[in-house]
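A.B. asks: Mind folding the following:
(chains A, B and C)
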Amino acid sequence: MDLATFTQLLLSGLLLGGIYAMVAVGLALCFGVLGLLNLAHGAFLVLAGFVFQAVQGFWPAGTLVSFIMVPLFFAGLGWLAFRCFLQSSLRRSPQDFLVPALLITLGLAFILEEGTLTLWDRSMAGIVSQFDTIRWGHIYLPGNRLVVLILMLTISIGLQIWLTRTDSGRRLRALSQEPTGATLVGISLTRETGIAFAMATALAAMAGLFYVTLFTVSPHLGLPLTLKALFIVVISGSGSLTRPLAGGLALGTLETMLAAPFGAHWANFISICLLLVFLCWRPQGLFISKREAGIG
Amino acid sequence: MKKGICSISITCILLFSFFISASDLWAKAPEAIRVGVSVSASGKFSTEVGPFQRLFQAWVDEVNRRGGIYLKEYDRKLPLKLIIYDDRSDAATARRYYERLVTVDGVHLLFGPYSSPLTFAASAASEQHQVPFIAICANSPKVYDRGFKWIVCVIDAASRYTYRYWEMVKAEGKARSVGFVVEDTLHPVGVYKGSRTLAEQAGLKVLAGDILPPDTSDFTPVILKLKKLKPEIVYVSSNIPFAVAFMKQARELNLSPKEFHCIHHSGVFRQPLGDAADYVVGQSYWEPGMQYSDPDRFLSILGEANIDLDDYPWSPAYMMAFEIAEAALNQAGTLEPTALMKTLKNLRITTLGGLVWFAENGVGTINTYPSQIQKGKYQIIWPPEVATAEHLYPTPAWDER
Amino acid sequence: MFYLSVRHPKLKQPALLLIALSGLILFLLLAPSLWGGYARILLFTILLYVTMAVSYDVVGGMLGYLYLGHGLFFGLGAYITALALKNGQTLPLALLLGAFLVLPVAAFLSLPLFRLQGAVFALATLGLLLLGGQLASNLPDLTGGAAGLSLPPNTNPMLTYSLALLLALATVLMHWLLCSSSLGLQLSSINENEDMAESVGINCAKVKRLALIISAVPAAMAGGLHAREISFVIPAEAFGLENSLAPLLMCLLFKPGTTWGPLLGALVLSTAQEFIWTTVPSFRLSLYGILLIFIGMQRARRSYHWALGTKH
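C.D. replies: Down below sits the predicted model:
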């Protein structure tokens, strides 16, 4: 393997990792920080893809506006879904809430899936890439994927700062670490969780906007995407919002780099195996030290 | 515990009444020709045939508006009655619903579900209870190798799916090498295996044959390999989402062969690719401009079902199945299964996609035509007697467009 | 206290129960000949669901893990049985072979798996399910790859059906006996407090390994029966997420950790699904979704009451 091929593979793997992280970051906020297992994550992502395509169809010049409006709209939708279905079942201990959350969000995912299929009456959505490829000698950097990676870096860092430095982020962390104590000092469990759920839905929607320009989305893709995201959240470890990016980059690079010598099938197999072995070695997640896990 | 026993008995009673209420449909004198089918309205195949319930309904309505189908035995026209279920794209569920169609609903004729695995499972019901079964989109040889006597299939075997394309390549004699990129699911792999042999017979050199997982989201390794080997034709045997993702990356990484062939290049294909979809060659069952049978009737049924041909390019195959069913019922003149099946097997009619007849094992003769996207429109390019436009070859490189 | 009273139900009238049970078996055996093929296949499906849900409960309910790997053993069983049948074995022998070969797999996997907890355990088991599917498509010479394995048609459907009935009954009986055995008590004590269980001398690792094996064997045999009935095994269906998710939902629906909970869950959920899909003309998936949401909200309310009354 010559240097150009190696560099190209490495870059492609990193860019793929950006996409993985993008799909996972909403779930990392919801599940990784709050312990709220949201199986409707992928369904929101797919729905956002369809909405984006529809907006593009009506108003081709409004790309930038819809990049802001669609996630905002989905934040509202997420908040509504939370108020209607989840709020009354919310419990202080994530353990008590796990099973109801699983049932409720799975039900929600089914409703969203059929809703998307019925509203659009089309099986797939996909739109033309927005950015050109950057060429540098024999190395190609696809614009869309590059934007995703850069955006992910910004979002991850921004979210991490929000989580650690702002009041509302601190309230969220307090709830995740010591729910009883946090509610005793006057933090509203339902309000903070609702805000986090709305944010997570907005992030899912944003992922949907990019996903639909990179690939295609179909209504039945919701659950597989949720699983992929869950997998990335768990291998990267919970509690932080920069880790999904690290986990995604690890998975993407492994898959792409291994595919050249072993073929794509065995590359997927080996990378899942490697990550599972890592997981057994460090059950608290790849990027968390034991000390940190003890505190968190 | 008591509550548990109570609920168990309630469930049992529910189940019980369920069967009894369902079984009185059985064994009535035929007031209508009952045709049964399951369509994947949910699950993974909903992408491909989700709204086809409407297509079946539109066909039945159209036939019934003309009074139905004339059967000699009863000397009158009998209307069609459609019984339809949603198999959730699951083989076990499809098997169960076909058994229900046969034993509970007492259908006279069955249409196949979507895909080979589902048809494989479902056709066991028709074989066991001896009901004629017209398979549609199921071309894996495994389905027909079992010696079943009650099944016919509209379309030809998967291995011959693109034989007209290889005929064209051979006749033109311009291309000399090919590289395959294959999605690892049943149908694309079947097409690839057949095409590889056909390509070699057409005198082409096969430079690569990579089988990739269906959810591949980064094609860099295989694209770099193809750039090094430089095949003149890059042949993508896959479903639409895979082909879209591949084509996007081929453009981004500047892979420029003389021709891209994506076996499925319709549906949503053009939308995400934009002008990158131009020049791509693929396969179509039927495109406007072909003049077999009655294209206007097909278009009016499609219109009534509100289904877009470009979104669902396999809908012509369903229309051919309808035409076959009508002709078989008409010629047999009876609903007696053995006679109907015999007529079906000996049938020889011109349908929307050309002449159809069935081999001993039930496999039909309908095959796809190579078509090229030219300025956003699908044009059939081979054979010359049905072609609607010239084949544009070679494809200009990405930066020369 | 609540647990104990459930674990040791007093059989006031064993004779009556025995009569009821044999009546049920007779009914189930006669049903196919009374109502034809559809009844047979529907009951066959429900019996497989019962097997899957009740065997899932050993790890997912009694041991209290959120466990997503049940489909792995179902898929393994399906492939092993299909391969054995292809090589000319009889069905019972092929099923036993599937069960036998799954034993060491479950024993081996339990070593790393039970070091994990909570969501990480759930996702590791999910990863194993994905690996199973990958492996099946990566070994085309053995498994036929994505094209799958096909078997000759099922010539003796009543045998398949009777075996499914036998398997379901055996699984329920096994679970019932397990509940009142010392192993069952050890499992639930690990569920409640693992450290405490370890400190009173329970070999947790061994008990958990046994639990995984006990849960895996019926699942493998269910997979084998499924393969025989459908006569076709492909990776996407044998190792599909549905095979892990359905038993999980059925087990969690009522009271996990009891015999009647998953049994009833399987009966109710599969009947409800069949009822919705055969009688409701549209919006079936949404209706099913609403059903799940309703159950989830009910459960949250109920677990809250339980927590108030009995917790710690």
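A.B. asks: Now do the helices in the chain.
C.D. replies: Since you didn't name a chain, this refers to chain A. Here chain A has its helices, by DSSP state H, at A:3-27, A:41-58, A:63-81, A:94-120, A:143-165, A:167-177, A:179-184, A:189-214, A:222-236, A:243-262, A:264-281, A:290-295.
A.B. asks: actually chain C
C.D. replies: C:2-7, C:14-57, C:70-86, C:91-113, C:118-138, C:140-143, C:157-180, C:182-192, C:194-199, C:204-230, C:235-238, C:242-253, C:260-279, C:284-310.
A.B. asks: picking that back up, kindly present the helices of chain A as a markdown table, with separate columns for mean neighbour count and distance to B:Lys72.
C.D. replies: For glycine as for every other residue, the C-beta is placed from the backbone atoms N, C-alpha and C. Shown next, in a markdown table, are the helices of chain A (neighbours: other Cβ atoms under 10 Å in any protein chain shown; distance: least, Cβ to Cβ, whole Å):
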| stretch | mean neighbour count | distance to B:Lys72 |
| --- | --- | --- |
| helix A:3-27 | 23 | 61 |
| helix A:41-58 | 24 | 50 |
| helix A:63-81 | 17 | 59 |
| helix A:94-120 | 22 | 43 |
| helix A:143-165 | 17 | 63 |
| helix A:167-177 | 17 | 76 |
| helix A:179-184 | 14 | 77 |
| helix A:189-214 | 24 | 55 |
| helix A:222-236 | 25 | 51 |
| helix A:243-262 | 23 | 62 |
| helix A:264-281 | 18 | 56 |
| helix A:290-295 | 10 | 80 |
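A.B. asks: Out of those helices, the one nearest chain C is which?
C.D. replies: helix A:94-120 (3.1 Å; Cβ to the nearest Cβ).
A.B. asks: Does C:Trp176 touch C:Thr258 like I think?
C.D. replies: No: taking contacts as Cβ atoms under 8 Å, C:Trp176 lies outside contact range of C:Thr258: 9.5 Å.
A.B. asks: Which residue of those two possesses the greater neighbour count?
C.D. replies: More crowded of C:Trp176 and C:Thr258, by other Cβ atoms under 10 Å in any protein chain shown: C:Thr258, with 22 against 18.
A.B. asks: Confirm for me that the more buried one is in contact with C:Cys179.
C.D. replies: Yes: here C:Thr258 reaches C:Cys179: they are 7.0 Å apart, a contact under Cβ under 8 Å.
A.B. asks: give me phi/psi at B:Val35?
C.D. replies: phi -110, psi 140 (degrees, to the nearest 10).
A.B. asks: Look up how far B:Phe52 lies from it.
C.D. replies: 14 Å (Cβ to Cβ, to the nearest Å).
A.B. asks: what's the answer for A:Gly42, then?
C.D. replies: A:Gly42 is 25 Å from B:Phe52, by Cβ to Cβ.
A.B. asks: just to revisit the earlier point, the helices of chain A into a markdown table, with extra columns for mean pLDDT and distance to C:Gly98?
C.D. replies: Converted to a markdown table, those look like this (pLDDT from 0 to 100; distance: least, Cβ to Cβ, whole Å):
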| stretch | mean pLDDT | distance to C:Gly98 |
| --- | --- | --- |
| helix A:3-27 | 91 | 35 |
| helix A:41-58 | 92 | 33 |
| helix A:63-81 | 92 | 42 |
| helix A:94-120 | 87 | 29 |
| helix A:143-165 | 90 | 44 |
| helix A:167-177 | 87 | 43 |
| helix A:179-184 | 85 | 45 |
| helix A:189-214 | 92 | 39 |
| helix A:222-236 | 84 | 26 |
| helix A:243-262 | 88 | 30 |
| helix A:264-281 | 82 | 23 |
| helix A:290-295 | 44 | 39 |
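A.B. asks: for the ones you listed, which one sits closest to C:Gly296?
C.D. replies: helix A:94-120 (3.1 Å; Cβ to Cβ).
A.B. asks: Can the closest one be said to contact chain C?
C.D. replies: Yes: counting by Cβ under 8 Å from any Cβ of the partner chain, contacts between helix A:94-120 and chain C involve A:96-104, A:106-111, A:113-115, A:118.
A.B. asks: what residues are up against C:Gly223?
C.D. replies: C:Phe73, C:Phe74, C:Gly75, C:Leu76, C:Gly77, C:Ala78, C:Tyr79, C:Thr81, C:Gly98, C:Ala238, C:Asn243 (Cβ atoms under 8 Å, 6 or more residues apart in numbering or on different chains).
A.B. asks: per-residue pLDDT, it?
C.D. replies: For C:Gly223, the pLDDT comes out at 96.
A.B. asks: ditto for the one 5 residues further on
C.D. replies: According to the prediction, C:Arg228 has pLDDT 93.
A.B. asks: is chain C contacted by stretch B:149-162?
C.D. replies: No: figure legend: stretch B:149-162 not in contact with chain C (Cβ under 8 Å from any Cβ); closest approach 9.9 Å.
A.B. asks: Quick one: distance of that stretch to the chain centre.
C.D. replies: Its chain's average C-alpha position is 10 Å from that of stretch B:149-162, according to Cα atoms, centre = their mean, to the nearest Å.
A.B. asks: Same check on stretch B:293-304?
C.D. replies: Distance, centroid of stretch B:293-304 to centroid of chain: 18 Å (Cα atoms, centre = their mean).
A.B. asks: count of neighbours near the residue of the stretch 251-400 of chain B found nearest chain A?
C.D. replies: Proximity of the stretch 251-400 of chain B to chain A (Cβ to the nearest Cβ) peaks at B:Pro272, 3.0 Å away. Using other Cβ under 10 Å, the number of residues around B:Pro272 comes to 26.
A.B. asks: and if you look at B:Pro396?
C.D. replies: Other residues close to B:Pro396 by other Cβ under 10 Å number 12.
A.B. asks: Contacts only, for it.
C.D. replies: B:Pro396 touches B:Tyr279, counting by Cβ under 8 Å, 6+ apart.
A.B. asks: Could you say which helix or strand holds it?
C.D. replies: Per DSSP states H and E: B:Pro396 is located in neither a helix nor a strand.
A.B. asks: how close does it sit to C:Ala78?
C.D. replies: Here the criterion is Cβ to Cβ. By it, B:Pro396 lies 50 Å from C:Ala78.
A.B. asks: Look up the closest residue to B:Thr365, ignoring the ones flanking it.
C.D. replies: Counting by Cβ to Cβ, 6 or more residues apart in numbering or on different chains, the nearest residue to B:Thr365 once its immediate chain neighbours are dropped is B:Val356, at 5.3 Å.
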